[in-house]
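Student: I need the structure of the sequence given here:
(4 chains)
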2 protein chains.
Amino acid sequence: MVENDKSTEKQILGAAKKVFLEKGFDGARMQEIADEAGINKALVHYYFRSKEKLFDAIFIEVFSRFFPKVFGAIFSDMSFEEKIAFFIDNYINLLAENSFLPVFIIHEINRNPDKIVGMMKNIGVDPKNLQFIFADIDKTKYKIADPRHFMVNMLGLCIFPFIAKPILKGLLFNNSDNEYKTFLDQRKKIITETVINSIRIK
Amino acid sequence: MVENDKSTEKQILGAAKKVFLEKGFDGARMQEIADEAGINKALVHYYFRSKEKLFDAIFIEVFSRFFPKVFGAIFSDMSFEEKIAFFIDNYINLLAENSFLPVFIIHEINRNPDKIVGMMKNIGVDPKNLQFIFADIDKTKYKIADPRHFMVNMLGLCIFPFIAKPILKGLLFNNSDNEYKTFLDQRKKIITETVINSIRIK
DNA sequence: GTCTATATGGCGATAGAC
DNA sequence: GTCTATCGCCATATAGAC
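Tutor: Residues are numbered from 1 along each chain as shown, chains lettered A, B, ... in the order given. Next up is the predicted model:
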């Protein structure tokens, strides 16, 4: 059954993604992936030969999703302020729906730093594209001394509340998911204002 | 030899800290810890019974170091602006000297969220103390709508460049440690300005 | 392609000599 | 307290029947 082949392979990929995201490479078990996919452990090896190869197969996909897809917005006809607000809003939504994403990526890129550079270039990430974000900026209102700091600021402000989630929830919100969610929503506006403010000419 | 007892235990703790910080709990090996300590694997179990117990022994110490020690500065006679600048400067220095700290903490608190809350309270972390940072603030110049966002902003801006280090180095700095170091130094001023700016009344 | 059974190796932990 | 030797388990990976 050829259709079943594809279906099985995709089911393994889906299961592997879930388990790897939650447990990381070291914590993940091939048995758990097989169970999650509803098949036998040997079949996972039949399709992907090794844990490492299975991991690589999903890492690229997951990584490219984590690495901000601003580039769609960059070439749109939005104003600079709109682009920033659009990115922050969408990115926080994406992370909220994939809450394991940030911790997973951070742990794995630090566990195996060598893998990344080539992977990033394959995906088409190029810091030169940063310039386009600021192409149509109003230079009488804003001055960007260093676009790299601007980007790191924006990403840090977006991502940090997700990687510190257990601390924030336990310390500030009495483990309430609702309060945490509200906090994230508030941040969209706060981050936008903060980064825009940081480059505004006084 | 009683003195040798202490020395051995401390050597194990030092080795365990190094290995756990680099590899995380799942990635760490008791054999590697023993090698690093220059002793036998059985001796590690003799002192700490299990990997889990050894991990717990160092986690508290490492965690309490990661969680910002603002509290010394809070009750000093510095001005609000000086307190913020002081904290950011010292915290970035601390992280620069312990580069594995952020990724390790983030991974472990997400791997085992239940452990944290009690641990934080034991250390004496209390969000109510946040108020003291802003106690002597000049209310004609600044308005802090929500101290929690202020703190998350400041911590996120400080910590993010460390957890994203491999990406930043590979993507922006051609893997140059010097350029990365310079970037971190620049950030001290930038972060201070950004967070102060974000609460300034226009 | 999918399964059961098993090989192979590594790891945490313990026993026991010194 | 410190070591060598080993147990017992679990995880990755493969062999081989269907």
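Student: any idea which residue sits dead centre in chain A?
Tutor: The C-alpha lying nearest the average C-alpha coordinate of chain A belongs to A:Phe66 (C-alpha atoms, centre = their mean; 2.2 Å).
Student: Can you get me a residue count around A:Pro102?
Tutor: Other residues lying near A:Pro102 total 22 when counted by other C-beta atoms under 10 Å in any protein chain shown. To be clear about C-beta, it is placed using only N, CA and C from the backbone, and glycine gets the same treatment.
Student: Let me know the secondary structure of it.
Tutor: Secondary structure state of A:Pro102, per DSSP: H, G, I helix; E, B strand; the rest coil, is helix.
Student: about what we covered before: what pLDDT does the model give the residue nearest to the centre of chain A?
Tutor: pLDDT, A:Phe66: 83.
Student: Please report how far it lies from DNA strand C.
Tutor: Here A:Phe66 is placed at a distance of 29 Å from DNA strand C (C-beta to the nearest atom of the strand, to the nearest Å).
Student: Who are the contact partners of that residue?
Tutor: The contact partners of A:Phe66, by C-beta atoms under 8 Å, 6 or more residues apart in numbering or on different chains, come to A:Leu101, A:Pro102, A:Ile105.
Student: Now narrow those to whatever sits close to DNA strand D.
Tutor: Here nothing survives when these are matched to DNA strand D using C-beta under 7 Å from any atom of the strand.
Student: and which of the residues you listed is nearest to DNA strand D?
Tutor: Proximity of those to DNA strand D (C-beta to the nearest atom of the strand) peaks at A:Ile105, which lies at 19.9 Å.
Student: Now for the closest one, how many residues are close by?
Tutor: By other C-beta under 10 Å, the burial measure for A:Ile105, its neighbour count, is 23.
Student: Which helix runs longest in chain A?
Tutor: In chain A, ranked by residue count with DSSP state H as the criterion, the top helix is helix A:2-27.
Student: That helix: which residues count as buried?
Tutor: Judged by neighbour count using 16 or more other C-beta atoms under 10 Å in any protein chain shown, the buried positions of helix A:2-27 are A:8, A:11-13, A:15-21, A:23-25, A:27.
Student: Of those residues, which is the nearest to DNA strand C?
Tutor: Taking those together and measuring to DNA strand C by C-beta to the nearest atom of the strand, the closest member is A:Thr8, at 3.7 Å.
Student: From A:Phe59, how far out is the closest one?
Tutor: According to C-beta to C-beta, to the nearest Å, A:Thr8 stands 20 Å off from A:Phe59.
Student: Repeat that for A:Asp26.
Tutor: 14 Å.
Student: Next, the contact list for A:Ile74, please.
Tutor: Contacts were defined as C-beta under 8 Å, 6+ apart; by that measure A:Ile74 touches A:Lys83, A:Asn129, A:Phe132, A:Ile133.
Student: A:Asp136 belongs to a helix?
Tutor: No: per three-state DSSP, A:Asp136 lies outside any helix segment and is coil.
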